[in-house]
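Student: coordinates only, no sequence provided:
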Ligand SMILES: Nc1nc2[nH]cc(C(=O)O)c2c(=O)[nH]1
Ligand code: SF4
Ligand SMILES: [Mg+2]
C-alpha cells in the first residue's frame with residue numbers, strides 16, 4: 001500500500017497519542033499517503049501537496065516552501081512488511097492515519113488481520129476526515145474512529161468536506177468520536193450548527209485548538225475553553241505538538 005515516507009522508510013513511529021480520547025496513551029502510528037481533501041493548515045501536507053497539483057497551503061506564504069516530489073515523500077510497501085514493522089514495537093495500540101486512511105481500506109484490513117494473527121490484543125484506532133464510508137468489514141475490524149470533519153477554516157468547499165451520509169453513520173456508531181479543529185467563535189458557531197444538523201451528541205464531541213506550536217495552541221485554546229464548558233464538549237489539546245513541536249515522526 002502507499003504510505004508516507006520518512007527518511008528511507010515508511011512513516012511508522014512509536015509515540016504517545018497526542019489527540020482525542022486516547023491522548024496520552026502510547027501508540028504506534030502508521031501514516032498513509034494521499035488525501036481526498038487539501039486543507040490549508042494541514043500539518044501532513046507531504047501526504048498530498050505534490051508537484052503539479054493546484055492546491056494552496058498556508059505555508060505558501062513562506063518563500064522557502066515547495067510542493068513535494070511524490071517519489072520523495074511516499075513509499076509503496078507490502079502489507080506483510082507493515083505488519084512485521086508494527087508488531088516489533090512493545091505496544092498493542094495502533095493508529096492508522098494520513099492523509100486519509102479510508103482511501104486504502106482493503107489493504108488496511110489485511111494489515112489488521114495480520115496483526116491480530118500475531119496478537120489478538122491489537123487495538124486499532126483510525127483518524128479520518130469523515131468523508132469516506134467505511135465498509136462493514138473495516139468498521140467491524142476497527143476499535144475506534146477519530147472522525148475529524150473539516151470546517152470552513154480548512155479552505156475546503158462545503159460539498160467536498162461534508163458528506164452527510166458518512167457523518168450520520170458515524171454519529172450513530174458507538175466506536176466513533178468527533179474531533180473539530182477550531183480557532184475561535186466563528187468555528188464554535190459552526191460546530192454547534194454542524195452537530196445539530198447531523199445529530200451528533202455533545203458527549204461525542206471534542207474541540208481541539210489549531211496550531212503547530214505551543215504558542216498557537218495557547219492562543220486558540222483561550223477562545224475554546226468556555227464554549228466547551230457551556231456546550232458539554234470535551235476540550236482536547238495536541239500533546240505531541242507541546243512535547244515535540246511541529247516535527248515528523250512523533
Ligand atoms: N503523537 C501524535 N498524535 C497524533 N494524533 C493524531 C495524529 C495525526 O497526525 O493524525 C498524531 C500524530 O501525528 N502524532
Ligand atoms: S483531511 Fe486531514 S490529512 Fe487531509 S488535507 Fe485535511 S488535515 Fe490534511
Ligand atoms: Mg498530525
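Tutor: Received the coordinates, thanks. Please read all numbers here as calculations on a predicted model, not as lab measurements. Ligands and ions are numbered 1, 2, ... in the order given.
Student: which parts of stretch 233-250 are buried?
Tutor: By neighbour count on 16 or more other Cβ atoms under 10 Å, the buried set for stretch 233-250 is 233-234, 236-241. Bear in mind the C-beta positions are built from the backbone N, C-alpha and C, glycine included.
Student: and the residue nearest the centre of the chain, what does it touch?
Tutor: When the chain is reduced to its mean C-alpha position, the closest residue under Cα atoms, centre = their mean turns out to be residue 127, at 3.8 Å. Contacts of residue 127 were listed using Cβ atoms under 8 Å, 6 or more residues apart in numbering, and they are 19-20, 95-98, 101, 146, 148.
Student: filter the residues you listed down to the ones close to ligand 1.
Tutor: Among the contacts of residue 127, proximity to ligand 1 is found for 19, 97 (Cβ under 6 Å from any ligand atom).
Student: list buried residues within the contacts of residue 127.
Tutor: Neighbour-count burial (16+ other Cβ under 10 Å) is assigned, among the contacts of residue 127, to 19-20, 95-98, 101, 146, 148.
Student: dump these to TSV, plus secondary structure and pLDDT.
Tutor: Below are these laid out as TSV (DSSP: H, G, I helix; E, B strand; the rest coil; pLDDT from 0 to 100):
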residue	secondary structure	pLDDT
19	coil	98
20	coil	98
95	strand	99
96	strand	99
97	strand	99
98	coil	98
101	helix	99
146	strand	99
148	coil	98
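Student: how about the residue in the protein that sits furthest from its center?
Tutor: What lies farthest from the middle of the chain is residue 63; by Cα atoms, centre = their mean that is 27.2 Å.
Student: measure residue 68 to residue 49 for me?
Tutor: Here the criterion is Cβ to Cβ, to the nearest Å. By it, residue 68 lies 6 Å from residue 49.
Student: the more surrounded of these two?
Tutor: Higher neighbour count among residue 68 and residue 49: residue 49, with 22 against 17, using other Cβ atoms under 10 Å.
Student: surely the more buried one meets residue 55?
Tutor: Yes. Contact criterion Cβ atoms under 8 Å: residue 49 and residue 55 qualify, at 5.7 Å.
Student: common neighbours of those two, please.
Tutor: With Cβ under 8 Å, 6+ apart, residue 49 and residue 55 have common neighbours residue 38.
Student: returning to what we had before: quick one: the residue nearest to the centre of the chain is in a strand?
Tutor: Yes. The assignment for residue 127 (DSSP: H, G, I helix; E, B strand; the rest coil) places it in a strand.
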